[in-house]
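> give me coordinates for this.
(2 chains)
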Amino acid sequence: MQRAIAALTSRLVIVVPYLWLLAFFLVPFIIVFKISLSTTAIAMPPYEPVMTLSNGIGAFFAQFRDLHFDNYAWLGGDPLYMRAYLSSVVIAAISTFLALLIGFPVAYGMARAPATLRPTLLMLVILPFWTSFLIRVYAWIGILKPEGLLNQFLLFTGIIDTPLVILNTHTAIFIGIVYSYLPFMILPLYASLEKMDYSLIEAANDLGCPPISAFWKITFPLALPGVIAGCLLVFIPAVGEFVIPDLLGGSQTLMIGKTLWNEFFANRDWPVASAVAIILLLLLVVPIMFFQQAQARAQEQGK
Amino acid sequence: MNSLGSIRRSFAPWTDPSAKPYIEFRNVTKRFGDFTAVNDLSLSIYEREFFALLGASGCGKSTLLRMLAGFEEPTSGSILLDGQDLRGIPPYRRPVNMMFQSYALFPHMTVEQNIAFGLKQDGMAKVEIEQRVAEMLKLVKLSQFAKRKPHQLSGGQRQRVALARAVAKRPKVLLLDEPLGALDKKLREETQFELMDLQQKLGLTFVVVTHDQEEAMTMADRIAILDKGEVMQVATPAEVYEAPGSRFVAGFVGTVNIFEGKVSAREGVAATIMTDGGVIRSENASDATVGSDVAFAIRPEKIKVSSKEPAPGIDNAMQGEVYDIAYLGDMTVYHVKLPSGQVVRASALNAARVTEDPLTWDDTAWISFRPDAGVILTR
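From the prediction side, this is the model:
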């Protein structure tokens, strides 16, 4: 009896995360998916049919006949959406690469720092989270604008004669994304570099491998799980990013997060906005699955 | 010719004044900040020698090895290998290879790839690499594990992969940092002999760092005993054990009884010492002068314990009381308390199953030893 209860309790513990996923991922997903199959209407809520059980079961199922994939066809027909998706992925990919380029040396330096210093360095990486994300992005406007801090400094030191135009360009978006998501790159990289045994590098050197070559043959392959985790943690939110392109990118920037916002709030076309969101989700599921597979493989290796 | 211990050596280049040292530490000092790890140390190691650096942790033995490998540069002094000064030569250009204490096997490579790593760095032809790897795997008896990853191997197997990887390049010198430290006792004993065998077969010079005196005694041709960054004694295992140069060495290697006293008379190599326990006559007086404070050191197995008083005329005999007995199977260790309060350890080989002269706790007992059984230490 007691064993049966124990077995049941252990099952219940497993059920909790599944319930969480069901309530906070699957159900909202199904609602959004349903809206994406509806037709826009001037109503409250602004689409139809509104699924209701008040007219009986038969009427409820009859409503399914009104659902359609027209919104997806609409997305496919307008090259604007395609360009927005593509440009989002490209911007996110470039930002991810830049974050990796900056994050790797930082993480490596942290992992090689004296053990007493490491908690402080970790704290410094996490510290920006204590200020609102929105405020930090706003602060970049003050830095990057033509009469901003950066231009003032460069003009003052005489490096440039005329102010650089950075704000409202792609460069500003890259700066914003890399700045905002760098901790998500550094932390997994640090985790995988920190547990690496430094004597492996010494062993490689000892066997005739110069330091730079040892980095590519030993350090990088061993840090790969961290590289993959960091890249996905930056890439996935960067694709759907709205605030940074909106504040730093200016009007000509085409990113799917902004497009989504426009559909929802400017056009009040919930069904099309939902379809945009669903496509975006599918676009992101592929890298997430890739990530999970890589993690499973790393776990299998017993490391 | 008299020989210390029971071993007569045919390989002893250090006794030949014309022999050229293969590795030379010349007045090497290494400081880390305020801490002096190695202090003005000079040492010669000969070709094909199995040389052990023995000492407690923090004595500088690992630093010596790391300087030889090139991971550390001496603060002052120089290290020569085969006549060439190693200063400024990075680890990846030195003709030495190291077996790390943690083994440092590359976890993302198979056993085969680990062993081939150094050979690939040399730009060796692919066929040749395959041949050498197969040869190495056979040497360490791991041929059927070639495709495994390190985490799929046992501790002993990993140790052998590390060894194979380190010798695969045929280095001039193989450095071993606590090579058996992570193995259990039984495996360690087996591996000791395997290592000696391998060294003979390959004809390499081995420099091994260890804190385990038994390991050093078993394997090495010569042992350097280090303390606080300085060499206390360099000698063969038998010399270290039978003729320690100082109280530190005598106490560090094996068990020893030390009688502190004053030299009262000298004649030839013999000396008479007045100690608290009694008068001791020793025939290994070294450079002790009359009136100087010395220590008489004697190993437990060289002391005889008996319930009967030895015949008169025996040089060194003292009466005491059995304080403790430890029966170890192959031998019995007696702790005999002298009237002076000193407790002397004496061990007796249990050659027969039944003892004719059984001693027990609190019995009156006599200890005795020959004049040549111990040594006089002036340091």
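> now do stretch A:258-278: distance to the chain's middle.
Relative to its chain's centre, stretch A:258-278 lies at 19 Å (C-alpha atoms, centre = their mean, to the nearest Å).
> next one: stretch B:294-309
24 Å.
> check which residues of it are buried.
Applying a neighbour-count criterion of 16 or more other C-beta atoms under 10 Å in any protein chain shown, the buried positions in stretch B:294-309 are B:294-301, B:303-305. Every C-beta, even on glycine, is put in place using the N, C-alpha and C of the backbone.
> as a markdown table, these with distance to A:Phe242 and pLDDT would be great.
Below are the buried residues of stretch B:294-309 laid out as a markdown table (distance: C-beta to C-beta, whole Å; pLDDT from 0 to 100):
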| residue | distance to A:Phe242 | pLDDT |
| --- | --- | --- |
| B:Val294 | 88 | 84 |
| B:Ala295 | 83 | 83 |
| B:Phe296 | 88 | 86 |
| B:Ala297 | 83 | 87 |
| B:Ile298 | 86 | 88 |
| B:Arg299 | 82 | 89 |
| B:Pro300 | 82 | 88 |
| B:Glu301 | 84 | 89 |
| B:Ile303 | 88 | 86 |
| B:Lys304 | 93 | 84 |
| B:Val305 | 90 | 84 |
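> so which of those residues belong to strands?
Using DSSP state E, the subset of the buried residues of stretch B:294-309 located in strands is B:294-298, B:304-305.
> ok, now how distant is the residue nearest to A:Ser36 when sequence neighbours are not counted from A:Glu241?
Distances taken as C-beta to C-beta, 6 or more residues apart in numbering or on different chains place A:Ser274 nearest to A:Ser36, at 3.6 Å, with adjacent residues excluded. Distance, A:Ser274 to A:Glu241, using C-beta to C-beta, to the nearest Å: 19 Å.
> top helix in chain A by residue count?
Counting by DSSP state H, the longest helix found in chain A is helix A:79-112.
> averaged pLDDT, that helix. What do you get?
For helix A:79-112, mean pLDDT is 93.
> also stretch A:280-292?
81.
> so for it, what gets flagged as buried?
So for stretch A:280-292, counting by 16+ other C-beta under 10 Å, buried means A:280, A:283-284, A:287, A:291.
> also stretch B:257-271?
In stretch B:257-271, counting by 16+ other C-beta under 10 Å, buried: B:257-259, B:261, B:263, B:270-271.
> okay, domains of chain B per the record?
B:13-247, B:256-377 (automatic domain parsing).
> do the first one and chain A come into contact?
If I follow you right, that is domain B:13-247. Yes. Contact of domain B:13-247 with chain A (C-beta under 8 Å from any C-beta of the partner chain) involves B:69-71, B:90-93, B:96-98, B:100-102, B:104-108, B:117-118, B:121-122, B:149, B:151, B:165, B:169.
> give me the subset of those residues lying in strands.
Using DSSP E, the residues of domain B:13-247 next to chain A in strands are B:96-98.
> quick one on the thing from earlier: worst mean pLDDT among the domains of chain B?
Among the domains of chain B, domain B:256-377 scores lowest, with a mean of 82.
> could you list the contact residues of the stretch 251-379 of chain B toward chain A?
Nowhere does the stretch 251-379 of chain B come near chain A, counting by C-beta under 8 Å from any C-beta.
> tell me the SS of the closest residue to B:Thr360 other than its chain neighbours?
Distance criterion C-beta to C-beta, 6+ apart; nearest residue to B:Thr360, sequence neighbours excluded, is B:Val322 at 6.7 Å. Here B:Val322 is strand, with the state taken from DSSP: H, G, I helix; E, B strand; the rest coil.
> which residue sits closest to the residue nearest to the spatial centre of chain B in space, ignoring its chain neighbours?
Computing the C-alpha centroid of chain B and ranking residues by C-alpha atoms, centre = their mean puts B:Ala216 first, at 3.1 Å. Closest residue to B:Ala216 apart from its sequence neighbours, by C-beta to C-beta, 6+ apart: B:Ala52 at 3.9 Å.
> ok, now which ones touch that neighbour?
B:207-210, B:215-216, B:219-220, B:222-224 (C-beta atoms under 8 Å, 6 or more residues apart in numbering or on different chains).
> export those as a markdown table, with columns for secondary structure.
Below are these laid out as a markdown table (three-state DSSP):
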| residue | secondary structure |
| --- | --- |
| B:Val207 | strand |
| B:Val208 | strand |
| B:Val209 | strand |
| B:Thr210 | strand |
| B:Glu215 | helix |
| B:Ala216 | helix |
| B:Met219 | helix |
| B:Ala220 | coil |
| B:Arg222 | strand |
| B:Ile223 | strand |
| B:Ala224 | strand |
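> so which residues on chain A come close to chain B?
A:197, A:199-200, A:202-210, A:213, A:217-218, A:221-222, A:301-303.
> can you say which of those residues are buried?
A:199-200, A:202-209, A:217-218, A:222.
> pick out the most distant pair among the residues you listed.
A:Gly208 and A:Leu222 (19.2 Å; C-beta to C-beta).
> nearest residue to the middle of chain A?
A:Pro237 (1.6 Å).
> you'd agree that residue is up against A:Cys231?
No. Under the criterion of C-beta atoms under 8 Å, A:Pro237 makes no contact with A:Cys231, lying 11.9 Å away.
> still on that earlier bit, the residue nearest to the centre of chain B touches B:Thr210, doesn't it?
Yes. With contact defined as C-beta under 8 Å, B:Ala216 and B:Thr210 form a contacting pair (5.3 Å).
> who touches both of the two?
B:52, B:54.
> how many neighbours does the residue of the stretch 151-300 of chain B found nearest chain A have?
Of all residues in the stretch 151-300 of chain B, B:His151 sits closest to chain A, at 4.8 Å by C-beta to the nearest C-beta. For B:His151, the count of nearby residues is 11 (other C-beta atoms under 10 Å in any protein chain shown).
> any low-confidence regions in the stretch 151-300 of chain A?
Along the stretch 151-300 of chain A, segments meeting pLDDT under 70 span A:298-300.
> show me what contacts the residue of the stretch 51-200 of chain A found nearest chain B?
Using C-beta to the nearest C-beta, A:Ser199 is the residue of the stretch 51-200 of chain A that sits closest to chain B, at 4.2 Å. Counting by C-beta under 8 Å, 6+ apart, A:Ser199 touches B:100-102, B:104.
> returning to what we had before: would you turn the buried residues of stretch B:257-271 into JSON lines with secondary structure and distance to B:Asp372?
Output for those, formatted as JSON lines (DSSP: H, G, I helix; E, B strand; the rest coil; distance: C-beta to C-beta, whole Å):
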{"residue": "B:Asn257", "secondary structure": "strand", "distance to B:Asp372": "16"}
{"residue": "B:Ile258", "secondary structure": "strand", "distance to B:Asp372": "18"}
{"residue": "B:Phe259", "secondary structure": "strand", "distance to B:Asp372": "16"}
{"residue": "B:Gly261", "secondary structure": "strand", "distance to B:Asp372": "18"}
{"residue": "B:Val263", "secondary structure": "strand", "distance to B:Asp372": "17"}
{"residue": "B:Ala270", "secondary structure": "strand", "distance to B:Asp372": "9"}
{"residue": "B:Ala271", "secondary structure": "strand", "distance to B:Asp372": "12"}
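> related to what we said a few turns ago, pretty sure the residue nearest to A:Ser36 is touching A:Val32, no?
Yes. If you go by C-beta under 8 Å, A:Ser274 and A:Val32 touch, sitting 4.9 Å apart.
> what pLDDT does A:Gly302 get?
51.
> now the strands for the stretch 1-150 of chain B?
Under the criterion DSSP state E, counting those that start in this stretch, the stretch 1-150 of chain B contains strands at B:23-32, B:35-45, B:50-54, B:76-81, B:84-85, B:96-99.
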